[in-house]
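Participant: What follows is a protein structure lacking sequence information:
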């Protein structure tokens, strides 16, 4: 076990102690991290969002316009309604596991990167290292774009990006993309004894959900064996409408998504949904109430990570992680955005995605140790 593991665990305890649920501010964590890095000689820039309540952190060690990015998101998913056996915002060490919200996804990697910062800052690096810690990844990778844009504004062109999502320290060279949509139906509210005078948005919405389900079944018949499940998934996650059983519902909201395998750009899916709305729903709705309407908003659109033939990131990270093979995953991350910005990108980080977003989320102490070994090899590679 790397002797720096205890340092990383101490940092992880601090990070987990900040409740950075996506609906809330992450500034206390960002401010603490900025002070930590600044005191160790790292050049730090805090990039706030338009509200001033959230921020990315961009830190740089070394000189030059290239370098390696260590990327992680600071936000976590809610714990509401989950059966936690410990305080989710207090790191609990038990039986070789570290329990706490974000311990695996993905404050464990951030803690390891921060623990490695002092050694990196003391070395004469052959190329710079950039710490890129974002906000609002969990709600659609909404925050990282401004930080990626800042690289270009500062004339920095990193060659490699390591996204530390929990992969059990295995090297992941591809993941699915994801697009999320909100469809809102506006109808006419009347007493349920006169349904013919109203426009029932829940029932029209159910027709739309059924159509989306048909598209999902079609995609099941187009397999890509590199992924599990081996196809583009299309999914309705939330449907809300109505106020009482004896009132025809005037409003309904449907939140749906697709997660596409690389090579399936899926532009046909929202186009087909819009055509179904335009041709099959709206004429019938407006025949009863001319002001009835259905609108769809693309809430998030995250590109997938594509395998790179002989990519420099894959070659380097396989060596640092001491892995001979690569894997693919079905979940999405910020990796594709870094890749689209011209960086050779892979995912590799401590922890198991299988416990992410779950009650009693944890990361194994052994995984933190393996990640610190990885960071030591990275420092050696860079000459630190």
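Facilitator: Perfect, thanks for sending it. Keep in mind that what you see is a predicted model, and the values were worked out from it rather than measured. Numbers count the residues shown, from 1 in each chain.

Participant: low-confidence ranges in the stretch 1-150 of the chain?
Facilitator: 1-2 (pLDDT under 70).

Participant: and with 90 instead?
Facilitator: For the stretch 1-150 of the chain, the stretches with pLDDT under 90 are 1-4, 64-65, 123-124.

Participant: Start from the N-terminal end of it and give the helices.
Facilitator: Using DSSP state H, counting those that start in this stretch, the helices of the stretch 1-150 of the chain run over residues 5-16, 27-38, 107-122, 144-153.

Participant: I'd like these as CSV, with distance to residue 168 and mean neighbour count appended.
Facilitator: C-beta coordinates here come from the backbone N, C-alpha and C atoms, glycine included. CSV is the format used below for the helices of the stretch 1-150 of the chain (distance: least, C-beta to C-beta, whole Å; neighbours: other C-beta atoms under 10 Å):
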stretch, distance to residue 168, mean neighbour count
helix 5-16, 16, 21
helix 27-38, 25, 18
helix 107-122, 11, 25
helix 144-153, 23, 17
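
Participant: closest one to residue 166 among these?
Facilitator: Across those, residue 166 has its closest neighbour in helix 107-122 (7.2 Å, C-beta to C-beta).

Participant: Give me the packing partners of that closest one, helices and strands only.
Facilitator: Judged by 3 or more C-beta pairs under 8 Å, 6 or more residues apart in numbering; DSSP states H and E, helix 107-122 is in contact with helix 5-16, helix 27-38, strand 55-61, strand 68-73, strand 129-134, helix 365-381.

Participant: 7 Å instead, please
Facilitator: helix 5-16, helix 27-38, strand 68-73, strand 129-134, helix 365-381 (3 or more C-beta pairs under 7 Å, 6 or more residues apart in numbering; DSSP states H and E).

Participant: For my notes, please list these in JSON lines and give distance to residue 321 for each entry.
Facilitator: Formatted as JSON lines, these follow (distance: least, C-beta to C-beta, whole Å):
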{"stretch": "helix 5-16", "distance to residue 321": "16"}
{"stretch": "helix 27-38", "distance to residue 321": "24"}
{"stretch": "strand 68-73", "distance to residue 321": "14"}
{"stretch": "strand 129-134", "distance to residue 321": "17"}
{"stretch": "helix 365-381", "distance to residue 321": "6"}
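
Participant: Isn't residue 99 up against residue 88?
Facilitator: No. Distance between residue 99 and residue 88: 8.1 Å, which falls outside the contact criterion (C-beta atoms under 7 Å).

Participant: So if we follow the domain assignment, how does the chain break up?
Facilitator: 5-173+305-381, 178-302 (automatic domain parsing).

Participant: end-to-end on the shortest one?
Facilitator: When you say that, I think you mean domain 178-302. End-to-end distance of domain 178-302 (C-alpha to C-alpha, to the nearest Å): 5 Å.

Participant: Going forward, count from 505.
Facilitator: With 505 as the first residue, the last one maps to domain 682-806.

Participant: related to what we said a few turns ago, out of the helices of the stretch 505-654 of the chain, which comes closest to residue 588?
Facilitator: helix 509-520 (12.5 Å).

Participant: What angle do strand 572-577 and the closest one make with each other?
Facilitator: Per axes from the mean of the first three to the mean of the last three C-alpha atoms, to 10 degrees, the angle that helix 509-520 makes with strand 572-577 is 40 degrees.

Participant: top helix in this protein by residue count?
Facilitator: The residue-count maximum for a helix in the chain (DSSP state H) belongs to helix 705-724.

Participant: what is the mean pLDDT for the helix or strand just after it?
Facilitator: Moving toward the C-terminus from helix 705-724, the next helix or strand (DSSP states H and E) is strand 737-745. Average pLDDT, strand 737-745: 97.

Participant: Quick check: chain neighbours aside, which residue is closest to residue 537?
Facilitator: Nearest residue to residue 537 in three dimensions, chain neighbours excluded: residue 561, at 5.7 Å (C-beta to C-beta, 6 or more residues apart in numbering).

Participant: and what of residue 784?
Facilitator: residue 711 (7.3 Å).

Participant: any idea how far that neighbour is from residue 512?
Facilitator: 52 Å (C-beta to C-beta, to the nearest Å).

Participant: follow-up on the earlier one: between the helices and strands packed on helix 611-626, which one is nearest to residue 835?
Facilitator: Evaluated over the helices and strands packed on helix 611-626, closeness to residue 835 peaks at strand 572-577, with 12.8 Å, by C-beta to C-beta.

Participant: just checking, what packs against that closest one?
Facilitator: Using 3+ C-beta pairs under 7 Å, 6+ apart, strand 572-577 sits against helix 611-626, strand 633-638, strand 664-667.

Participant: Tell me where the stretch 655-804 of the chain is predicted with low confidence.
Facilitator: 727-730, 766-767, 769, 803-804.

Participant: neighbouring contacts of stretch 627-639?
Facilitator: 530, 537, 541, 558-568, 570-579, 614, 617, 624, 647-648, 651, 662, 838, 883, 886-888 (C-beta atoms under 7 Å, 6 or more residues apart in numbering).

Participant: now with 6 Å?
Facilitator: 530, 558, 560-566, 568, 570-579, 624, 647-648, 651, 662, 886-888 (C-beta atoms under 6 Å, 6 or more residues apart in numbering).

Participant: Just the buried positions in that stretch, please.
Facilitator: Neighbour-count burial for stretch 627-639, with 16 or more other C-beta atoms under 10 Å as criterion, is recorded at 627, 629, 631-639.

Participant: ditto for stretch 708-715
Facilitator: So for stretch 708-715, counting by 16+ other C-beta under 10 Å, buried means 708-709, 712, 715.

Participant: For the residues you listed, give me a markdown table that also has distance to residue 722.
Facilitator: As requested, those are exported to a markdown table (distance: C-beta to C-beta, whole Å):
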| residue | distance to residue 722 |
| --- | --- |
| 708 | 22 |
| 709 | 21 |
| 712 | 16 |
| 715 | 11 |
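
Participant: Brilliant, that's me finished.
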